[in-house]
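Enquirer: Next input, structure requested:
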Amino acid sequence: MKYYLETKQLTKKYGSFEAVKDMSIHIKKGDIYGLIGPNGAGKTTLMKMLVGFAEPTSGLILTEDNNNFINKVGCLIESPGIYDNLNAFDNMKLKALAKGPFDRKEIEEILEFVGLSDVPKKKAGKFSLGMKQRLGIAMALIGDPELLILDEPINGLDPQGIIEIRELIKKLNTEKNMTIMISSHILSELQKVAGVFGIISKGQLVMEVSADELKNKYAGDPDSLEEFYLDVIRKGQKAC
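Expert: Prediction:
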């Protein structure tokens, strides 16, 4: 199989409304795949289908190894399910117990990796928004997933929080060779981490483009993704 993950004509209907329509995306192993589109375009619905939170109405989700694929996916969709009265470790412990055996060493290593090992007693309710997002990602890493799906992980963060999440995503990709799908409305930030971009509109995939293609087309302009996106949407290019 050429791709680590691909969908074929994936569709999700809610009554007569098609939230996702005939969507065919392609993600190679080790990619950071940036998902772009306006509110209501179908980004979150697509992600929910990929992680098993929503059942497709039709179409296929294909992977290198279709056996137990859901067990190889970690996700942070919408908001992390954090208990404010518990510290980071205990939040992680509850998530681990929900999935199966509890491994103290695994949790400690993940908290170290995401930079939360230095606040062992602090309650999550006292965390900054950036710390909560890192804890949410840490919880998604339990079980050592191969694919990580992040829905707007930098939404509402201050500049320092955005930098911390950006560096964490890069670290997961380079040090753990993790394949990552990430959505964001901050295109300049998304361009700093992703190597491939999927543009969706009205539930359909409009285009997939690589960072290298953007670099060649726009001579390395750091805002080329935003320019490209606006150009595609304004021209109303047909879905692929």
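Enquirer: Can you report phi and psi for the most centrally placed residue in the chain?
Expert: Per CA atoms, centre = their mean, the C-alpha nearest to the average position across the chain is that of residue 150, at 2.4 Å. Main-chain dihedrals, residue 150, degrees, to the nearest 10: phi -120, psi 120.
Enquirer: and it, what is it in contact with?
Expert: By CB atoms under 8 Å, 6 or more residues apart in numbering, the residues touching residue 150 are 75-76, 137, 140, 169, 180-183. Bear in mind the C-beta positions are built from the backbone N, C-alpha and C, glycine included.
Enquirer: how near is residue 79 to residue 219?
Expert: 39 Å (CB to CB, to the nearest Å).
Enquirer: And the two? Which one has more around it.
Expert: residue 79 (12 against 8; other CB atoms under 10 Å).
Enquirer: bridging residues for the residue nearest to the centre of the chain?
Expert: Note on residue 150: beta-bridge partners by DSSP bridges are residue 76, residue 182.
Enquirer: Which helix in the protein has the most residues?
Expert: In the chain, with assignment by DSSP state H, the single longest helix is helix 159-176.
Enquirer: Could you give the average pLDDT over stretch 175-195?
Expert: Stretch 175-195 carries an average pLDDT of 94.
Enquirer: Ok, stretch 134-142 next?
Expert: Stretch 134-142 carries an average pLDDT of 96.
Enquirer: I figured residue 209 was touching residue 196, is that so?
Expert: Yes. Here residue 209 lies in contact with residue 196, judged by CB atoms under 8 Å, at a distance of 7.4 Å.
Enquirer: residue boundaries of the helices in the chain?
Expert: Under DSSP H, the chain gives helices at 43-51, 88-99, 104-113, 129-140, 159-176, 187-190, 211-218, 224-235.
Enquirer: Quick check: which ranges of the chain have low pLDDT?
Expert: 1, 67, 220, 222, 236-240 (pLDDT under 70).
Enquirer: The residue nearest to residue 173 when sequence neighbours are not counted and residue 121, how far apart?
Expert: Spatially, and ignoring its direct neighbours in sequence, residue 173 is nearest to residue 32 (5.5 Å; CB to CB, 6 or more residues apart in numbering). Residue 32 is 34 Å from residue 121, where distance means CB to CB.
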